[in-house]
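S.K.: A structural model of the following input is requested.
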Amino acid sequence: MDAGRRPYPSRRRPVVLAAAAALAVLLAAPGRAEDSAAPGDEPPPAATLAAEYRLTNADGDRVCPLALSERPLGRRGVAAERYEVGLDRPACADAILFSVDIASWAPGPGNAIRLHGPDDTLVAEFTEGVGGTWEALREGDGVYFLVNPRLADPGLHAADLVGAWDVAETAGEPACHIELTGTDAGGGTFRARLVGRCPAGLATLAPDRWRLDGGGLVLLGAGGDGLRFAAQEDGGWEKVPPDEGPPLLLSRP
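M.R.: Sure, this is the predicted structure:
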């Protein structure tokens, strides 16, 4: 090329600059695509879930009352969509250890309830189940439930469950029976009795008592351990969480 001749301007330069500018805009807003939820996946208003709850372990023998408020937390360094939580911390710490970390809550997609710590980390996420019950699995800890007593079946009474029930791991194939009696066993529990050769999970527990807890049925062994069952649409009961060990189903003979 002649030393005195000016090079022709590149026609691709404006295109390259425009592409670079567009990329800079995308990089300046990380997470934007992740934050845009699909229709129907948006969290509900806080007022939809704000209420009095009972936080319990899987056996229902440890309880921490929680009040989820629709009042924004209003504290620096916390996301705007966090809301206040009320609880008796000393009493709850004895019942549910991780309750000491609960500082706020937020609604999640699908009516989920998310409990957050003081540093805004997620402590537990509860997904909605049946009968006014939400369920969460904490890795390395266990299964916990949030129960809204106002949504639990108000028509369900202990007397409705008294009698014989088939026990099965597969629907329609009963392995044994359990008799739920109305005999008072103290502490809001009633006597129970197994009949026949039951599946190992239930035989090991050897439940001798039962009770209703927040719309759920809890079978209790002599050592205080228990199994929780959730009501099903067909009138039966299923052990929860269903994916923890072999399934157990209760149905009327």
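
S.K.: return the helix or strand in this structure with minimum mean pLDDT.
M.R.: When each helix and strand of the chain is scored by mean pLDDT, DSSP states H and E, helix 32-35 comes last, with a mean of 35.

S.K.: any idea how many residues pack against the nearest residue to Ala58 once chain neighbours are set aside?
M.R.: Closest residue to Ala58 apart from its sequence neighbours, by C-beta to C-beta, 6 or more residues apart in numbering: Val143 at 4.3 Å. The C-beta positions use only the backbone N, C-alpha and C, and glycine is treated the same way. Burial of Val143 is recorded as 16 neighbouring residues (other C-beta atoms under 10 Å).

S.K.: now do the contacts for Val143.
M.R.: Val143 is in contact with Asn57, Ala58, Glu135, Ala136, Leu137, Val240, Pro241, Glu244, counting by C-beta atoms under 8 Å, 6 or more residues apart in numbering.

S.K.: kindly recompute the last result at 10 Å.
M.R.: Thr56, Asn57, Ala58, Asp59, Glu135, Ala136, Leu137, Arg228, Val240, Pro241, Glu244 (C-beta atoms under 10 Å, 6 or more residues apart in numbering).

S.K.: do the same with Leu68
M.R.: Listed by C-beta under 10 Å, 6+ apart, the contact set of Leu68 reads 46, 49-53, 83-87, 104-107, 113, 115, 146, 148.

S.K.: what about it, distance to Phe98?
M.R.: 16 Å (C-beta to C-beta, to the nearest Å).

S.K.: repeat for Val195
M.R.: Distance check for Val195 against Phe98: by C-beta to C-beta, it reads 39 Å.

S.K.: comparing the two, which residue is more hemmed in?
M.R.: Using other C-beta under 10 Å as the criterion, Val195 and Phe98 rank with Phe98 on top: 17 against 12.

S.K.: please settle this for me: is that one part of a helix?
M.R.: Yes - the assignment for Phe98 is a helix, going by DSSP: H, G, I helix; E, B strand; the rest coil.

S.K.: what's the pLDDT at it?
M.R.: pLDDT, Phe98: 95.

S.K.: ditto for the one 10 residues further on
M.R.: At Gly108, the pLDDT value in this model is 93.

S.K.: what residues does it make contact with?
M.R.: Listed by C-beta under 10 Å, 6+ apart, the contact partners of Gly108 are Asp41, Glu42, Pro43, Pro44, Leu49, Arg114, Leu122, Glu125, Phe126, Thr127, Glu128.

S.K.: report the beta-bridge partner residues of it.
M.R.: Assessed by DSSP bridges, Gly108 has beta-bridge partners Ala112.

S.K.: now it: how far from Glu81?
M.R.: Separation of Gly108 from Glu81 (C-beta to C-beta): 10 Å.
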